[in-house]
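Engineer: predicted model and sequence below, questions to follow.
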Amino acid sequence: MLDGVSARRVARHVVAFGALTVAGMLGVAGCGGGSSSSSTTTGPPAPRGAQAKDAQLVRGRLIYKNYCAECHGTQGQGGVGPQLAGGAVVRAFPNIQDQITLVENGRGLMPAWNGKLSAEQIRDVVRYEREVL
């Protein structure tokens, strides 16, 4: 049985979780709708150094900006979707093909991009997320 303080804490968490769930559902409705409407004007980080000459990473950045940033954050920091930056995506998917399969087929709130993006575009954005974010 919960005392009064514990019951209030549980109630606050339930209310907070419900608000996050509704916000997440509303945010997902807009995910992947084309160009990102993020309030950050800087956009996703650009490939630097030798990566700046890698056409696949440059294309991947544009795809990320237009299709992924709305849910995963402009800098890959997470939002409705999980964090991808800072090596988080590589830790979650040590094998690049597993990440490609997720992007192609979707899972949970993640939409399937197979048929909406080409296999080349999916590989470009996956490389960008793994190597630049």
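Structural biologist: Perfect, I can see it now.

Engineer: any weak-confidence spans in the protein?
Structural biologist: Residue ranges of the chain with pLDDT under 70: 1-41.

Engineer: so where do the helices sit in it?
Structural biologist: Along the chain, counting by DSSP state H, helices occupy 4-30, 55-63, 69-72, 88-92, 96-105, 119-131.

Engineer: just the CA atoms of the fourth one, as PDB, please.
Structural biologist: This file holds the C-alpha atoms of helix 88-92, laid out as PDB (Å, rounded to 0.1, in the frame of the first residue of the first chain):
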ATOM      1  CA  ALA A  88      24.500   5.700 -29.700                       C
ATOM      2  CA  VAL A  89      23.400   4.200 -33.000                       C
ATOM      3  CA  VAL A  90      26.600   2.200 -33.400                       C
ATOM      4  CA  ARG A  91      26.200   0.800 -29.900                       C
ATOM      5  CA  ALA A  92      22.600  -0.100 -30.600                       C
END
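
Engineer: contacting residues around residue 92?
Structural biologist: By Cβ atoms under 8 Å, 6 or more residues apart in numbering, the contact set of residue 92 is 82, 99. Glycine gets a C-beta too; all of them are placed from N, C-alpha and C.

Engineer: scratch that, residue 82 is what I was asking about
Structural biologist: Contacts for residue 82 (Cβ under 8 Å, 6+ apart) come out as 72, 88, 92.

Engineer: roughly how far apart are the second one and residue 62?
Structural biologist: Distance check for residue 88 against residue 62: by Cβ to Cβ, to the nearest Å, it reads 21 Å.

Engineer: quick one, what contacts residue 42?
Structural biologist: Contact partners of residue 42, counting by Cβ under 8 Å, 6+ apart, are residue 74.

Engineer: now do the one 5 residues further on
Structural biologist: Counting by Cβ under 8 Å, 6+ apart, residue 47 makes contact with 54, 57, 58, 61, 128, 131, 132.
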